[in-house]
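# Next come a sequence and a model predicted from it.
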Amino acid sequence: DQQVKQNSPSLSVQEGRISILNCDYTNSMFDYFLWYKKYPAEGPTFLISISSIKDKNEDGRFTVFLNKSAKHLSLHIVPSQPGDSAVYFCAASGQNTGGFKTIFGAGTRLFVKA
Amino acid sequence: KAGVTQTPRYLIKTRGQQVTLSCSPISGHRSVSWYQQTPGQGLQFLFEYFSETQRNKGNFPGRFSGRQFSNSRSEMNVSTLELGDSALYLCASTWDGRFEQYFGPGTRLTVT
């Protein structure tokens, strides 16, 4: 039962353009959503998050949008840089999901071409 | 501030053996979670410990177990290893009540 889905295994974008990574979830009890970035041979690093009471959170080049009615969130990277090439994981969590537990998607590999 | 450390970084075991992986969280973090990452499967939640107590558990067989010590360091154990246990095992720590987690580099386990 995949409660968090990232349907695009990979995405290729030209440097300077916008990267949009998508994520869908099924459990309406999730109330906090996060994005992590992972480089090879390293653990994931926290990127940005959003609470379910908001619909947008921005941090520099990174913006996360949340559409609760559609159970969908997206990460926008503008402008994309070659150093952004990595695997991006969407994650969902909440105190009401049976304790503190974070569910991750399968990841989307982003390639930013110079 | 030192990050999350995991030992060993790489491990090769044979089927039927058992293995113990170690994780030292960031100082001050009392919540430690373990994840299994396999290609195409993302990060699968194993369990979370807080103050030496398992607070939450994922859908893994009983061969997977863990514990946490009074200094918040944690270990996970896998008994009777199977080929399908080959994966990257990640440990993450955080402050209690916070959702963003800080991950270690992982332990790459290969079962032959």
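Looks like it came in fine. Residues are numbered from 1 along each chain as shown, chains lettered A, B, ... in the order given.
# Pull the contacting residues for whichever residue of chain A sits closest to chain B.
Residue of chain A nearest chain B, by Cβ to the nearest Cβ: A:G43 (3.1 Å). For the C-beta atoms, the positions are set from N, CA and C on the backbone; glycine is no exception. A:G43 makes contacts with B:4, B:90, B:92, B:103-106, as judged by Cβ atoms under 8 Å, 6 or more residues apart in numbering or on different chains.
# Just confirm it is within a strand.
No. A:G43: not assigned to a strand; according to DSSP: H, G, I helix; E, B strand; the rest coil it is coil.
# Test for you: state the pLDDT assigned to it.
In this model, A:G43 is scored at 93, pLDDT.
# Next: the one 3 residues further on.
Turning to A:F46, the model gives it a pLDDT of 96.
# do the same with A:G99
53.
# Run the contact check for the lowest-mean-pLDDT helix or strand in chain A versus chain B.
Within chain A, no helix or strand scores below strand A:102-104, which has a mean of 89 by mean pLDDT, DSSP states H and E. Yes. Interface with chain B: strand A:102-104 contributes A:102-104 (Cβ under 8 Å from any Cβ of the partner chain).
# Who wins on neighbours among these?
Neighbour tally across the residues of strand A:102-104 next to chain B (other Cβ atoms under 10 Å in any protein chain shown): the maximum, 26 neighbours, falls on A:T102.
# And for the residue nearest to that residue when sequence neighbours are not counted, the neighbour number?
For A:T102, ignoring the flanking residues on the chain, the nearest one in space by Cβ to Cβ, 6 or more residues apart in numbering or on different chains is A:S93 at 4.2 Å. As a burial measure, A:S93 scores 23 neighbours (other Cβ under 10 Å).
# give me every residue that touches B:Q6.
Contacts of B:Q6 (Cβ under 8 Å, 6+ apart): B:21-24, B:89-91, B:104-107.
# Show me which of those residues are buried.
Among the contacts of B:Q6, those buried by neighbour count (16 or more other Cβ atoms under 10 Å in any protein chain shown) are B:21, B:23-24, B:89-91, B:104-107.
# Among the contacts of B:Q6, name the ones in strands.
Among the contacts of B:Q6, the ones falling in strands (DSSP state E) are B:21-24, B:89-91, B:107.
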